[in-house]
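Chemist: Quick one, structure for this:
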Amino acid sequence: MRQVIISILGILIIGIGYCGYTTLAATERPQKEKPKKATSKVFTQVVKNEDTPVTVTASGNLAAKERIEIYSEVQGIFEHSDKAFKPGVRYKSGDVLIRLNSDEERASLLSQKSSLQNLLVGLLPELRFDYPEAFDKWQAYVNDFDVNAVLRPLPKTNSEREKLYIAGQNIITTWYTVKNIEERMTKYNIYAPYNGVLTQASINIGSLVRAGQKLGEFINPNVYELEVAVNSTYAELLKVGSTVKLKNVERTKNWNGSVTRINNLIDPNTQTIQAYIQVTGKGLREGMYLEAVLKAKNEKNTFEISRKLLVDNSKLFVYKDDKLSLTEINPVHYTDKTVVIRGLEDGTEILEKMLPGAYDGMPVEHFKEKE
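Modeler: Okay, the predicted model is just below:
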């Protein structure tokens, strides 16, 4: 009896399972939607060909246009300056930069002047009898002679005999000796030639200065020149007087300069020429590193784009009919960030920003500004 009951239960379970299976099989399964393929959106820009100015970028260090290196032509003790002789001190035109002790030279000058005066006095008696027509002018010269004043030119001789006589009395030789010492006396004082600032100083008050010794450097801090090396390809395009834009390293400040000189010599090693740019303005300093942008020429029928858009240096992607097309172009001029190209018609749409993974024929969607 027990076995019969178990058999009946087994048959019922199998029957129920079969019915459930057939019911589920008959139920319609919902169809899964196929995933849509994502389409990349792109920014575009419209090509408008025009005359594009080609610029040349160069850099260099500022140097003062007016600069003097101070050297001593005589020997003496540094005893005076109108201001502290230190780097950074400003002087006005005519201020004493350096005054050396000249007592010994001055004594020598007075001695030679006295000798000349004695010769002139001894000359007068002979002139009264032999050259009476010349006596008055020489006597007037002797009467006005002052050993403490600047030596005046000798009276002009009226005849060859008078000239030879004066020369024979050693007057002319002594006069030139005195004049030479006077000229040397002026070298004991060094004056500021213009309003400027001392950038180097190698001596102090009380120092012994020797002839030929460098004492410092003095510049005009208002006008500077920037020397830059430019590719010789643009030698014929650069013009004196051209306006140049200058920037500092951080590119936080700008100045306007002008080309003042262009060297005709081409460096055989680098094939560059030297151009000199004059600039004035606030914030400029000796030795400052600046970048110059020189306008060389205009390239006609061209368009300027970012260098990041180039593919293999001669191709770029064009947007047309919701697809990207890789197109050949002609690069005309490169800068550090952009390239001037030729070969595209006006109205052609190109990428504004490079699309990662872009390929020829890639389907894309144009990104509108509202989106």
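Chemist: Only the buried residues of the longest strand anywhere in the chain, if you could.
Modeler: Ranked by residue count under DSSP state E, the longest strand found in the chain is strand 289-306. By 16 or more other Cβ atoms under 10 Å, the buried positions in strand 289-306 come out as 290-297, 299, 302-305. C-beta: built from backbone N, CA, C; applies to glycine.
Chemist: Identify the residue nearest residue 311 in space, chain neighbours excluded?
Modeler: Using Cβ to Cβ, 6 or more residues apart in numbering and skipping residues adjacent in sequence, the residue nearest residue 311 is residue 326, 6.5 Å away.
Chemist: can you map out the helices along the stretch 151-300 of the chain?
Modeler: In the stretch 151-300 of the chain, the segments counted as helices under DSSP state H, counting those that start in this stretch are 160-168, 171-186.
Chemist: Run through the neighbouring helices and strands of the last one.
Modeler: To tie it back to what came earlier, the one meant is helix 171-186. helix 103-130 (3 or more Cβ pairs under 8 Å, 6 or more residues apart in numbering; DSSP states H and E).
Chemist: which residues does the residue nearest to residue 311 contact?
Modeler: 311, 315-318, 359-360 (Cβ atoms under 8 Å, 6 or more residues apart in numbering).
Chemist: what about 10 Å?
Modeler: 311-312, 315-318, 358-362 (Cβ atoms under 10 Å, 6 or more residues apart in numbering).
Chemist: hang on, it in a strand?
Modeler: Yes: remark: residue 326 belongs to a strand, assigned using DSSP: H, G, I helix; E, B strand; the rest coil.
Chemist: how near is it to residue 310?
Modeler: Look at residue 326 and residue 310: by Cβ to Cβ, to the nearest Å, they are 11 Å apart.
Chemist: Could you give the bridge partners of residue 324?
Modeler: residue 319 (DSSP bridges).
Chemist: go on, the one 10 residues further on?
Modeler: Listed beta-bridge partners, residue 334: residue 339 (assigned using DSSP bridges).
Chemist: just checking, it touches residue 313?
Modeler: Yes: Residue 334 is within contact range of residue 313, at 9.3 Å (criterion: Cβ atoms under 10 Å).
Chemist: Identify the contacts common to those two.
Modeler: residue 307.
Chemist: Which one of these two is surrounded by more residues?
Modeler: Per other Cβ atoms under 10 Å, whichever of residue 334 and residue 313 has more neighbours is residue 334, with 13 against 10.
Chemist: give me every residue that touches that one.
Modeler: 54, 307, 310, 313, 340.
Chemist: cool, and residue 314?
Modeler: With Cβ under 10 Å, 6+ apart, residue 314 has these contacts: 327-331, 341, 343.
Chemist: Ok, residue 76 next?
Modeler: For residue 76, the contacting residues are 98-105, 187-188, 208-211, by Cβ under 10 Å, 6+ apart.
Chemist: repeat that for 7 Å
Modeler: 100-102, 188, 209 (Cβ atoms under 7 Å, 6 or more residues apart in numbering).
Chemist: Need the pLDDT of residue 18.
Modeler: For residue 18, the pLDDT comes out at 61.
Chemist: how deep is the residue nearest to residue 131 when sequence neighbours are not counted tucked in, by neighbour count?
Modeler: With Cβ to Cβ, 6+ apart as the criterion, residue 131 has its nearest non-adjacent residue at 5.5 Å, and that residue is residue 162. Residue 162 has 18 neighbouring residues, counting by other Cβ under 10 Å.
Chemist: likewise the one 10 residues further on?
Modeler: Neighbourhood size, residue 172 [other Cβ under 10 Å]: 13.
Chemist: And residue 122, by the same measure?
Modeler: 11.
Chemist: Excluding chain neighbours, give the residue nearest to it in space.
Modeler: Once flanking residues are discounted, residue 122 sits nearest to residue 169: 7.8 Å by Cβ to Cβ, 6+ apart.
Chemist: Same check on residue 344?
Modeler: residue 47 (4.7 Å).
Chemist: That neighbour contacts residue 341, correct?
Modeler: No: contact status for residue 47 versus residue 341: not in contact, 9.0 Å apart, counting by Cβ atoms under 7 Å.
Chemist: So for those two, which residue has more residues nearby?
Modeler: Under the neighbour definition other Cβ under 10 Å, residue 47 and residue 341 were set side by side, and residue 341 has more, 24 against 16.
Chemist: Secondary structure element for the more buried one, which one?
Modeler: strand 338-342 (DSSP states H and E).
Chemist: Let me have the helices of the stretch 151-300 of the chain in a markdown table, extended by mean pLDDT and distance to residue 126.
Modeler: Compiled in a markdown table, those are given as follows (pLDDT from 0 to 100; distance: least, Cβ to Cβ, whole Å):
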| stretch | mean pLDDT | distance to residue 126 |
| --- | --- | --- |
| helix 160-168 | 88 | 8 |
| helix 171-186 | 94 | 12 |
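Chemist: who wins for proximity to residue 193 among the ones you listed?
Modeler: Minimum separation from residue 193 across the helices of the stretch 151-300 of the chain (Cβ to Cβ) falls at helix 171-186, 14.1 Å.
Chemist: Where is pLDDT lowest across the contacts of residue 334?
Modeler: For those, the least confident entry is residue 54, with 80.
Chemist: Quick check: what element follows the helix or strand encompassing that one along the chain?
Modeler: Assigned by DSSP H and E, residue 54 falls within strand 50-64. Next helix or strand after strand 50-64 toward the C-terminus (DSSP H and E): strand 67-71.
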